[in-house]
Structure formats: C-alpha cells, structure tokens
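Novice: The following comprises the amino acid sequence and a computationally predicted model.
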Amino acid sequence: MSHVVLATAGGVVLALADTINANRAWLSEIDGAIGDGDHGINMSKGFSLAAAALGKADGGLSAAFQTLGDTLLSGIGGSMGPLYGSFFLDLAATLGTAATLDAPLLSRGLHAGLASLEDLGSAKLGDKTLLDTLIPALTALDAAIAAGADFATALDAMSAAAEAGRDSTKDLVAKIGRAARLGERSRGVLDAGAASCCLILQTLAEALKQRLA
Amino acid sequence: MSHVVLATAGGVVLALADTINANRAWLSEIDGAIGDGDHGINMSKGFSLAAAALGKADGGLSAAFQTLGDTLLSGIGGSMGPLYGSFFLDLAATLGTAATLDAPLLSRGLHAGLASLEDLGSAKLGDKTLLDTLIPALTALDAAIAAGADFATALDAMSAAAEAGRDSTKDLVAKIGRAARLGERSRGVLDAGAASCCLILQTLAEALKQRLA
Amino acid sequence: MNRIINNPDEVVEDALRGYLRAHQDLLASTDNPRVIRERSAPRQGKVGIVTGGGSGPEPAFLGYIGENMIDAVAIGEIFSSPTAKSFHDAFVAADGGCGVACLYGNYAGDNMNVKMAIRQAAAHGLTVKTVVANDDVPSAPKDERAKRRGVAGEILMWKVGGAKAAEGADLDAVIATAQKAIDNTRSIGIGLTPCTIPAVGKPNFSIADGMMEVGIGHHGEPGIEVGPIRPARELADLMLDAILPDLPFGEGDNVAVLVSGLGATPVMELYILYDHIAEVLASHNITVRHPFVGNYFTSLEMMGVTLTVMKLDEELDRLVGMPAHSIGLTKVAR
Amino acid sequence: MNRIINNPDEVVEDALRGYLRAHQDLLASTDNPRVIRERSAPRQGKVGIVTGGGSGPEPAFLGYIGENMIDAVAIGEIFSSPTAKSFHDAFVAADGGCGVACLYGNYAGDNMNVKMAIRQAAAHGLTVKTVVANDDVPSAPKDERAKRRGVAGEILMWKVGGAKAAEGADLDAVIATAQKAIDNTRSIGIGLTPCTIPAVGKPNFSIADGMMEVGIGHHGEPGIEVGPIRPARELADLMLDAILPDLPFGEGDNVAVLVSGLGATPVMELYILYDHIAEVLASHNITVRHPFVGNYFTSLEMMGVTLTVMKLDEELDRLVGMPAHSIGLTKVAR
Ligand SMILES: Nc1ncnc2c1ncn2[C@@H]1O[C@H](COP(=O)(O)OP(=O)(O)O)[C@@H](O)[C@H]1O
Ligand SMILES: Nc1ncnc2c1ncn2[C@@H]1O[C@H](COP(=O)(O)OP(=O)(O)O)[C@@H](O)[C@H]1O
Ligand SMILES: [Mg+2]
Ligand SMILES: [Mg+2]
Ligand SMILES: [Mg+2]
Ligand SMILES: [Mg+2]
C-alpha cells in the first residue's frame, strides 16, 4: 500500500476535472469578491477540455498530466493557463516514464511544478495566491515523508495542510495579481487560486489513495 | 357675482402652474404606463417657464394666457407645445381686450382653443386624448349656461364633467399618439393628457370662482 | 439611478455644450441653442438636409450632422419633439438657397411641430419638403403603414438623402430619393430592460429579468409581445421573420443592414446577433452590401437591439456607399 | 440577465464570427480562431503592431485593427488573457519582416502569456519587443507605477504606435515612441453599476443605487473609494484632480483627451462630463488638440466612465492626428 501504478491511474485527472467543474460557481464567486469573477469559468473550461481530450482511454497518469498541462497552456489563457499549465507539465515531466508513484516521487514532481510556477509568476508565500496553499501542503508532505509516514498518511497530511493554507489566505493582504491593488480591502476573503489549488491537491490525494497498491 | 375682472386676474395662470408642478410626477407616471413617461416633465417645464415669464406683475388674464401659449409653443416642443400652446393662444385671442369675463365669453374662448387643438392634432372624442376631458367639460359648461345657471354653478358643472371625462379615458382604447400602437393594451389606464387637461380646467374653475365679482 | 449628470432638467443643454466642444471640426452652434448645424452649413447651391427629434436616441440626431450627411438638426428634450421654432431655425441654418429637405420620424409631436415650422418658413419664402420615416414594422399593420413609427431606418434615410444632396440633386430629387430609401426600409426592435429619463428618476416601464419585449419603441413605447428571452439565433430569426415578408425582401436582393444597440447591450452581443442575421440573409441569397453594427440609435441606457434592412437599387447602393463623416457614422473610401 | 447570446460559454466565438462577417473591408481571419489580422497584414517592410487581451472591453481589442493602427490581435475569453499560443500566432500574422511591437496592458495573465509567446517567437528568429501600458493612476501609487493597470490609454498608445509604424519607423523607434506615448498618459475610471459575465450569469460585485466606485478596473476590479455619486461636474473635478498632478500636466500643455463609457452609460452623459473636463483644462491653459468621446473601452454593460489624458509633444500630436480607420476609432483628414 505504498505506491500507485501510473499506467492505469490516468483517471486521477478526470477526478480533478469533476471536482473543478462541481466548484465552478463557487470559485468564480470567490474571485468576484476581490478579482474579476472568472476563476471558476477559466478553470472549468480548461479541465473540461483536458477531460474531453483524455476521453475514456487510460494512457496513464504521466500522459494525463501532460495532456492537462498542454490543454491549460494552449486552451485557456488568463493567468491560470500558464501557471497551472506549466505546473502540470513539469509534474508530468518529473513522473516521466516511471512505472509507479510513491510519496518521494510525488514530492519531487510537485516541487518541479512549484518551481516553474514561481519562475513564471514571481509570487511568494504570503502574497495571497495559490502558493499559499501549495507551499505549506508540500512542506507537510515532505515532513510526513521525513517522519517515515506511509503514502496514505503523507497524502492526508498534504490535504490537511492545503486546507489550512487555503484558509490562511483569508487574513492576508494580496500582494500580486488583480487583487493586489486593493491593499487592506483584499483582507477578509479567500483567494480564488488558493481555493482551486486546495481542491486540486485534496482530490489528487483522495484519488491516489483509492488507487494505492 | 357673474363675472371676473380680467385686468387683475393674471394670477389664474400662476395657479395653473402650481397645480401642474404639484402633479408633475403623477402625470409622468400615467404617461409611463402607455406612453413615454415624460408628460409631467414637459408640462411642468412649460408652465414653470410661463410663470417665471409672468413674474409678479399682473398684466391681466388675456395677456397671461397669451404668455402661457407663447411659452408652451416656443419653449417645450413635444405634442403639448403646439397643442396646449395654440389652445391658450386662441383662448387669449378670444378674450382679447374685454374688461370682464363671464360664462359665455369663457365658453367662446375655450371653443376657440378646442378648434385649433382639433385642427392641429386631428384627434376625435373617444380617441383617448385630452379631448375626452375638454369636449364633455365644454358641453357641460354650455348646458349650464343654456339652463340659466350663474357663472360659479356653470364652472362647477364644467369641473365635474372634466373629471368624468378624464375617468372615461380609462376604458378607452387609444386611437392617436404614442399609445395608439398598443390597441387593446392601452385600455385600463388613464390618458395622461386627459389628466392634465382635467387639472387645468378644475384649477381654472376654482381660480375664477375665487375672483368672482 | 446611477448617472453622470448635473441638474436632471438640464441634461440636454449640458450635453450639447459637450458635443460642441468635442466636435469643433464638425459642428457649429447657431443663435438658437437647440439648433446645431454642420460647420460649413449652409452650403450655397446645395439642398439643405434637416432632421430633428427628442433627445435620448444618442448619438441621433446631431450625431449624423456632417460631410455628405445632415446640415442642421433641431433638438428636443429627452423623448420630446423639438419646438416648431427650433425646426424653423434649423431650416434657416441649412438653407443654401435651394430649399430644405426635412427628413424626420413619424411621431405626433414632430409632425405637428414640423407642420407649424414649415408654415412659418413658407411665410418668408423658404421651401421645405418632408419625408416622414415609418420603418418600424411592429408599430402598425402593413395596411396602416402611415401610422408606423420612424426608428433606426432614419439613419439610412439621412445617409441617402445627404449623399443625394451632396451630388447636387435638386430638392424634388432629394425628396424622391429619400422617400424611396425609407419605402425600401424595414425595422424592428427588441427591448430587454427599461430606461430611465433622468428628470423622472425611475424607469417608466418594466421588463422582468429573463423577459423581452418585441416591437418596443425607442422611447420605451410598449411593443407587441412580451415573452421569455430566447437565444440570439432565435431573436435574429424572429426579427427577420417580421421584416423580410413585409416589404418583401427576396432572392437576389442587395441590402444594407443596420444592427443598433439600444444603449446598454454590450457591442459583442450585437455582433453575435449580426452573425446569425448575415447567415440567414445569405441562405435567402440576399447580399449584404453595407453592414452597420453598433450603437447608432439608442434609447438612453435600455438593453436591447434594433434591426434595420434596406433594399438597394443601384442608386441607393451608390448613395449608402458614398464616403461620409459624422459622429455616429463614418464611411471611408476603400 | 437579459442578454443577446447563444451559449454563454461561446460568446467570444460567436461574436468573432459576427465581427468578421461585418467588417470584411478591415478584418481577416487566421488559422488560429483567436487571432484576427488586418485584411492586408502582414505588410512587408512595416513593423507589425500587435495587441491582445481578454474580451469584454469592446470594441477593444480587435476594434482597433485597421489602417495605420493595429495589424493583429490575440483574443482571450471574457476578462481573461489570450493564450501564449494566440499571442505568438498574432506576432506571426503581423510580422512583415521588420519585427513586431506588442503593445498591451499590464495584467498578470497577459504578462505571462506574452512572455511565453515571445520566447516561442524568438526560437524561430522573430523579434518581438513590448510596451506595457500602465496608465491607470488609482491602481497603484506613483512610486509603484510598474504595478498600475493598463486601461483606455492603451487606445492612444495603439494610435501612436500604429501611426509611427505606418510612417516607416523601425522596431526600436516604434517601441520608443509607444513607450513615450504611454509614459505621457494617465487614466482613471469611475464605475456606477456592476457588470455580468454571461457565463457567470450574475454580477460579481455590487454598487448600490446612488453610489459610485472611484478607480474601478475594466474587469470590475475594485477601486480605491466607494461613495455617494456626485454631480457630473464634481466627477470631472475628481478625475482631473487625480490625474493632472500625477504626470504632472500643466500650463501650456497640449493634450489628447479620451472619455470612454464603460458600456451602459448613455453617450449624452459622456458629453456632459466632457464639457466640464474641457472647461477645467482650458482654465489651466491646457489645450485639447484631440478629443475622443464615446464607448472606446468598455466593461460589458457596466455603467461608468474613464478619463484618459495624454500630454503631446510635436511627434505625439502628429501621430495621434494621422488619419486612421478601424471599427472603434476613425480619424479623417480635415
Ligand atoms: N503571479 C501569480 N503567481 C501565482 N498565482 C497567481 C499569480 N497571479 C494570480 N495568481 C492566482 O490567480 C488567481 C486568479 O485566477 P483567475 O481568476 O483565473 O485569473 P485572472 O486574474 O486573470 O482573472 C488568484 O486568485 C491567484 O491565486
Ligand atoms: N393628436 C393629438 N390630439 C390631442 N391630444 C393628443 C394628440 N396626441 C397626443 N395627445 C395627448 O398628448 C398626451 C401625451 O403628451 P406628452 O407625453 O407630453 O407628449 P409625447 O407623447 O410627445 O411624449 C397624450 O396623453 C394625449 O392626451
Ligand atoms: Mg479572475
Ligand atoms: Mg409622453
Ligand atoms: Mg415624449
Ligand atoms: Mg480574468
């Protein structure tokens, strides 16, 4: 019960698409408070396109992440196209041709995605972006691995930290993106990207846990 | 108690202006139901301009009607400018240089106004316009005169008939003006011009009664 | 009411000052503050083109003053005909010694004020002839065409009349051609939200969320049918079904098409509608020689749209295509 | 939501088809459905002018494609940057062998996608340089100008860049002049009502009746102050007080002024505002050489207005004044 067979795990990306589509309105609503109200639409469009491109055939998880990244990059534009697009592409590249996914490989993949996200967006922890979900979630994942936790426990730790990270954005003042111009007025509401990133990481964790072998 | 001294009765027109201004919103509201909602504004603008032109000096009622007619004609446009404008101009012309106003002279003046109104607008009784107030009011005035009533009684008869005439428009289908395109949909609401005409005739009656000598 | 105004009773005056300041290359004031003329009007030897009407269908009417367009306009209050005096003064401002064509819309107030103004002009020897636009199909049945309102088709009538006068035609020829233009033009409007006259301060009618009013007038006059709003494609079909059979338009016709927003409808939605209109016309083998899409004839901040189609013969095609320049409509030689 | 649309997720596609159908004299499609080029672009020997951005501020961005204007645009979803691929394909569509000037607005998404597109273009030897518009004064303090949004000032930047390229300048000169244009341009917006993205179906923020939001963005980004709406004159003062000291503008300056509605504000109200703006500028001895008043850069059906002022030197004056023709802006020789 410590790894996932990648060749048959392409459905993980379909699960991500389902979650994003189910939360389309909610994500737009959050973005409407201090952004321009389109986050749910953008995300839902990109993930639906990717799900459609994947279809029913399961080409494995690496290929599915690659398709998701490509689709986001070429299909939705906005900030999320390049940011989540490069994130999933670099995650896919790290998984590469590996046969199985374990906690350390997942960590390396997410770190690669994070690096390209940081390179492109130049946001930092505390800027009230999706990084405020992603970075603590990764830290928790790494800590669990270091503490010798099994894959499922490590995924739970990542999920919990993602949620805490998402909620931390409520008290932050936005430093980057549309909301940055608001200063103090941006405090008091969640960041939309942090919310979608939390959905993605939690769904990823659940979907991987279901496939643990 | 059978006539009004015209030389000192210019204030009648100020009374008309006060009534129209007080009913500005109501007249627009009626016009909004089946017209374009501006009747109160148009009327109030014209009557206020006339009141301002008259000022405090009392040049007599003939001159005041003349100023009112001129102001409506050159000042407000719309349908009411030419219609009420010519109406008051021809009323003023009939009063001319007479020293006093009695019921028969008033009747002749109103008939002259009616004639130019009909000439210009080509509306008929029953078309759901101000004529549905004016014609029955005049008929009642003439009947009272024929029956030997005194001026005050004749004025009361005119007022009552004006009100009944105004209310009669509620059940009419508009045959002319903006509302004419509505057909059956124009039934059930008062006509705005019929309402303003009733206000004018009733205020005229009251103001003349107050000045009876 | 969230509006950019000073005194709500003076919106017309205030806006006119702004128009004059912003368009000194096109417009000039006259002694009558409610009459604006083309900068170089009157042009001697040219028939003068005049129109006028209530304010609110911006940028009509003064937005169509310009080169090869209108020479002078009479300006009324919001949704209210200009005075007879203003029409008269506009005639004088436009007259270059060859008479004046007054091309205006069929509204009771305008009819009366134009009639009185023409009498006044005739008294000092100025000849004015009229064409009364009545392109709005839903406003009366076909056999009572004389009762129909003039709506956005007026713009194409002005374009044609202005071009004909610019070609040097005499008054009777300008009138005949402008009459032909409007006789070959049909329009229909659909309203999606009401509008608010600033001096009134609240909408004078209502359209519920999700509903539309077919056949609405530019001053908020009620239409012929209220029903749930439908997809843009179906709106296009509905509009074309109302106007194509009325002329009728048919196989092989050349047309000009004008899609105008009523004020608050996003421009991209006008193009969404136009796309299907053009598709349907093409399927009928009707050729759109001159498409116009934009906010040409609005109704304050109403949401909604009007569709106007004009059947073109060789002359109308040439006149609609002639270069022209005004605030609301510019046609460049290409 | 009373709107003229088909599938709310396909408004951009549907509108683009309509734009292309209506403006065959100006626009042409490319292999990328989200890239539209000027009919005769690329012009060999001329620097290509490209822009792009999210849809919604109609008629931007494709409304400024045209003669002496923009050669190609990349088109995004409503309020969302185009993809890197679309920017790249627009570069290719505009390149006449002399490189491409990408003149766009300062938004995170656009910055990232342009950056990726430039990398891609460089890989096959196409040189693209950028100017990033940041004219929106309330969106960041003066000492953080690099953070400011690009708003309606982009139109004047395109006008200048397009004219400079049309004069035959090389890429560095076009970039330098467009940069000078935006460096001399300041804007501010006031929102009076919210707007609704069709795919969302309800407004994503609210402005109460009788209230206004100063400094609002074109995508509904919140402004710097919410307060009761004031008379037009005071709005003009407030807007000028925010932007004149920022450059600063002063005595003896020549300027271009652009007043744009945000979509649903009646055009006459833009002129009411312009009237007082022109009055105040005149009182400061600032000369308006080029006034533009209209719906140049909207925000779907938002009510409200933006004011943009550009300080002109001799070159900018000449370039803004050069005849040009596009859907959104036409300047005729007069
Ligand atoms: N530079 C950046 N780095 C990381 N995340 C960012 C950056 N800029 C914006 N974001 C994220 O993007 C989210 C908004 O996404 P979305 O609404 O889809 O795009 P847009 O802002 O273009 O409308 C924000 O909530 C924030 O989390
Ligand atoms: N031809 C006509 N003859 C008499 N009264 C008319 C005629 N046309 C319209 N009216 C009257 O005018 C009234 C509307 O006036 P108003 O709203 O001020 O003008 P408009 O219709 O130009 O907006 C109608 O209610 C009707 O009584
Ligand atoms: Mg957003
Ligand atoms: Mg009315
Ligand atoms: Mg009216
Ligand atoms: Mg966006």
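Specialist: Structure received. Ligands and ions are numbered 1, 2, ... in the order given.
Novice: Which of the three states applies to whatever residue of chain A ends up closest to ligand 4?
Specialist: Nearest residue of chain A to ligand 4, counting by CB to the ion: residue A:37, 39.3 Å away. For every residue, glycine as well, the C-beta is placed using N, CA and C. Secondary structure, DSSP: H, G, I helix; E, B strand; the rest coil: residue A:37 is coil.
Novice: doesn't residue D:220 make contact with it?
Specialist: Yes - here residue A:37 reaches residue D:220: they are 6.6 Å apart, a contact under CB atoms under 8 Å.
Novice: Where does pLDDT dip in chain C?
Specialist: For chain C, the stretches with pLDDT under 70 are C:334.
Novice: Need the residues touching each of residue A:37 and residue D:220.
Specialist: D:79, D:204-205 (CB atoms under 8 Å, 6 or more residues apart in numbering or on different chains).
Novice: Format these as CSV; extra columns: distance to chain B, secondary structure and neighbour count.
Specialist: Output for the shared contacts of residue A:37 and residue D:220, formatted as CSV (distance: CB to the nearest CB, whole Å; DSSP: H, G, I helix; E, B strand; the rest coil; neighbours: other CB atoms under 10 Å in any protein chain shown):
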residue, distance to chain B, secondary structure, neighbour count
D:79, 35, coil, 32
D:204, 32, coil, 22
D:205, 30, coil, 18
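Novice: just those now: which is nearest ligand 3?
Specialist: Distances from ligand 3 to those, taken by CB to the ion, are shortest for residue D:79, at 6.7 Å.
Novice: and that closest one, what is it in contact with?
Specialist: Taking CB under 8 Å, 6+ apart, we find residue D:79 in contact with A:36-38, D:54-56, D:197, D:219-220.
Novice: State the pLDDT value of the closest residue to residue A:9 other than its chain neighbours.
Specialist: In this structure, residue A:9 finds its nearest non-sequential neighbour in residue A:61, 4.0 Å apart by CB to CB, 6 or more residues apart in numbering or on different chains. Here, the pLDDT recorded for residue A:61 equals 97.
Novice: Show me which residues of the stretch 201-334 of chain C are close to chain B?
Specialist: C:204-205, C:217, C:219-222 (CB under 8 Å from any CB of the partner chain).
Novice: Could you dump the residues you listed into CSV with secondary structure and distance to residue C:156 added?
Specialist: Below are these laid out as CSV (DSSP: H, G, I helix; E, B strand; the rest coil; distance: CB to CB, whole Å):
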residue, secondary structure, distance to residue C:156
C:204, coil, 29
C:205, coil, 28
C:217, coil, 18
C:219, coil, 20
C:220, coil, 23
C:221, coil, 21
C:222, coil, 25
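Novice: Looking at the residues you listed, which two lie furthest apart in space?
Specialist: Taking CB to CB as the measure, those span a maximum distance of 12.1 Å, between C:204 and C:217.
Novice: Between these two, which contacts overlap?
Specialist: Overlap of the contact sets of residue C:204 and residue C:217 (by CB under 8 Å, 6+ apart) consists of residue B:36.
Novice: Which residue ranges of chain A form strands?
Specialist: Using DSSP state E, the strands of chain A run over residues A:4-5, A:100-101.
Novice: State the phi and psi torsions of whatever residue of chain A ends up closest to ligand 2.
Specialist: As assessed by CB to the nearest ligand atom, ligand 2 sits closest to residue A:37 within chain A, at 40.0 Å. Backbone torsions of residue A:37, given as degrees, to the nearest 10, read phi 80, psi 20.
Novice: Kindly report the same for residue C:65.
Specialist: The phi/psi pair for residue C:65 (degrees, to the nearest 10) reads phi -70, psi 140.
Novice: The one 5 residues further on now?
Specialist: Residue C:70 has phi and psi values of phi -90, psi 140 when expressed as degrees, to the nearest 10.
Novice: does it have beta-bridge partners, and which?
Specialist: According to DSSP bridges, the residues that bridge with residue C:70 are residue C:65.
Novice: Could you tell me how many residues sit around it?
Specialist: 32 (other CB atoms under 10 Å in any protein chain shown).
Novice: Would you mind measuring from it to residue C:152?
Specialist: Residue C:70 is 15 Å from residue C:152, where distance means CB to CB, to the nearest Å.
Novice: need the contact list for the residue in chain A that ligand 1 sits nearest to.
Specialist: Here the residue of chain A nearest ligand 1 is residue A:193; by CB to the nearest ligand atom that distance is 2.0 Å. Neighbour list for residue A:193: A:39, A:79-80, A:83, A:129-130, A:133, A:177 [criterion: CB under 8 Å, 6+ apart].
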